[in-house]
Structure formats: C-alpha cells, structure tokens
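Chemist: Sequence isn't available, so here's the structure alone:
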C-alpha cells in the first residue's frame, strides 16, 4: 500500500506543470495564476499531510518525504515556469 502511495505522488507531481495550461485555456491569464497558486499550495503543503495520515508513526513516511521533497520542489518550479509561458501565450 505504501509503495502505491509513493508512486502515485511521484506521478501526480509531474502532472502539476500542466495545470496552468488547462486553466489558462478556459479562464485566460487570471486562471493561469490562480491555478498555479493553488497547485503549488497543494503540492508543497498537502502532500506531506498524506504521509502523516497514510503512514502514521511507522517511520517510512519520513523517509519518503525526504526523498520526494526535491521532486515536489522541482515540480513547483516547473509549474511556475509553465505558468509564465502560458501567461505570455494567452496575453493577446
């Protein structure tokens, strides 16, 4: 069960840079930045809570967070970079 949780969080974190493209197409520049802010809050604040709930006090959650935090930070930075590109694409 724990390995499924870790694998799904890795896959989800690579999907976050696509969020500004989806919301930018529908709501324009305003949607790009709102979705980017929400995606980064979810990515950096709520994913560690999943380990606390899913693992409790087993210790594996701390190791997984230690290994996945660089991936989450890189995904957050890619999400902001993607939002910048989308912002200029829909600026017309």
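Modeler: That came through, no problem. This is a predicted model, so every value here is computed, not measured.

Chemist: Distance of residue 58 relative to residue 68?
Modeler: Separation of residue 58 from residue 68 (Cβ to Cβ, to the nearest Å): 16 Å. Every C-beta, even on glycine, is put in place using the N, C-alpha and C of the backbone.

Chemist: So between those two, which is more surrounded?
Modeler: residue 68 (18 against 11; other Cβ atoms under 10 Å).

Chemist: Show me the shaky parts of the protein.
Modeler: Filtered on pLDDT under 70, the chain yields the residue ranges 1, 51, 53-57, 61, 91-92.

Chemist: So residue 70 versus residue 9, what's the distance?
Modeler: 13 Å.

Chemist: With neighbour numbers in mind, choose between these two.
Modeler: Neighbour totals were compared for residue 70 and residue 9, and residue 9 leads with 20 against 9 (other Cβ under 10 Å).

Chemist: Let me know the helix or strand that the more buried one is in.
Modeler: Per DSSP states H and E: residue 9 is located in helix 2-15.

Chemist: For the protein, just list every one of the helices.
Modeler: 2-15, 19-41, 47-55, 60-89 (DSSP state H).

Chemist: what angle do the longest one and helix 19-41 make?
Modeler: The reference is to helix 60-89. Computed with axes from the mean of the first three to the mean of the last three Cα atoms, to 10 degrees, the direction of helix 60-89 lies at 140 degrees from that of helix 19-41.

Chemist: May I see the buried residues of helix 60-89?
Modeler: Judged by neighbour count using 16 or more other Cβ atoms under 10 Å, the buried positions of helix 60-89 are 61, 64-65, 68, 72, 75-76, 79-80, 82-83, 86-87.
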